[in-house]
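Peer 1: The sequence and its predicted three-dimensional model are supplied below.
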Amino acid sequence: DVKVTQSSRYLVKRTGEKVFLECVQDMDHENMFWYRQDPGLGLRLIYFSYDVKMKEKGDIPEGYSVSREKKERFSLILESASTNQTSMYLCASSTPGSAYNEQFFGPGTRLTVL
Amino acid sequence: KNEVEQSPQNLTAQEGEFITINCSYSVGISALHWLQQHPGGGIVSLFMLSSGKKKHGRLIATINIQEKHSSLHITASHPRDSAVYICAVGNGNQFYFGTGTSLTVIP
């Protein structure tokens, strides 16, 4: 079974803090994704990565950065957290050509920025 | 403008009812996925479709490429089917997601 894990289920941070969200997958997938999910807006892509040290901006990259130093790990960084970044963050992974292939999701991190 | 529209947004059904959730999309796609999200956040993939129809247990998914429309049907619904159902369309490595349909099945 593919397993995608995220470092925290719930996280509370203060405005201005630097926040790290970690995602690890154990199936040697090339593609990894970070989404945020907000009521009424669905899942929106923040960043994705095709391979180690490769990254591409998604639909809403502002205020975020990512790091992929190892194939199994994809980190999302909030450089200076703001209250409008309060959201559910979901990581996913897949093999290449992911329009056809299933994306496997982590359990999500519910981040609250005070 | 949403590339993927789902209807209805919310749905309440009695146990045993036949349920249909609809998905319309406006972009060219390689494949369409139906996802299920239970309370607590975890998302699992139910189906991937590029044409026709697929069936898995009580769930049936259909797609009409010409009309850019897909439906997810649940036969003999059960309270454990209560979840948010999300339609996602894929084009290359990019996915577009619907906002989800929240289904509640009452015993």
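Peer 2: The structure has been received and is ready for your questions.
Peer 1: From here on, just use CA atoms for contacts and neighbour counts.
Peer 2: Fine.
Peer 1: Strands along chain B, start to end?
Peer 2: B:4-7, B:10-14, B:19-25, B:31-37, B:43-49, B:52-56, B:59-64, B:69-74, B:83-91, B:94-97, B:101-106 (DSSP state E).
Peer 1: Next: chain A.
Peer 2: Along chain A, counting by DSSP E, strands occupy A:4-6, A:10-13, A:19-25, A:31-38, A:42-49, A:56-57, A:64-70, A:73-78, A:87-94, A:104-105, A:109-113.
Peer 1: for chain A, what are the nearby residues on chain B?
Peer 2: Selection of chain B residues close to chain A by C-alpha under 8 Å from any C-alpha of the partner chain yields B:30-32, B:40-45, B:48, B:89-100.
Peer 1: pLDDT score assigned to residue 4?
Peer 2: Picking chain A for this. In this model, A:Val4 is scored at 95, pLDDT.
Peer 1: was after chain B, sorry
Peer 2: Predicted confidence (pLDDT) at B:Val4: the value is 93.
Peer 1: Would you confirm that it contacts B:Tyr96?
Peer 2: Yes - in this structure B:Val4 lies within contact range of B:Tyr96 using C-alpha atoms under 8 Å: 6.7 Å.
Peer 1: any common contacting residues for the two?
Peer 2: Contact criterion C-alpha atoms under 8 Å, 6 or more residues apart in numbering or on different chains; residues shared by B:Val4 and B:Tyr96: B:88-89.
Peer 1: in chain B, which ranges drop under the pLDDT threshold?
Peer 2: Low-confidence segments of chain B, defined by pLDDT under 70: B:1, B:93.
Peer 1: Quick check: which ranges of chain A have low pLDDT?
Peer 2: Within chain A, the segments meeting pLDDT under 70 span A:1-2, A:97-100.
Peer 1: nearest residue to residue 80 other than its sequence neighbours?
Peer 2: Picking chain A for this. Excluding its sequence neighbours, the residue lying closest to A:Ser80 (C-alpha to C-alpha, 6 or more residues apart in numbering or on different chains) is A:Gly16, at 4.4 Å.
Peer 1: You answered for a different chain; I wanted chain B.
Peer 2: Counting by C-alpha to C-alpha, 6+ apart, the residue nearest B:Arg80 is B:Val105, at 7.6 Å.
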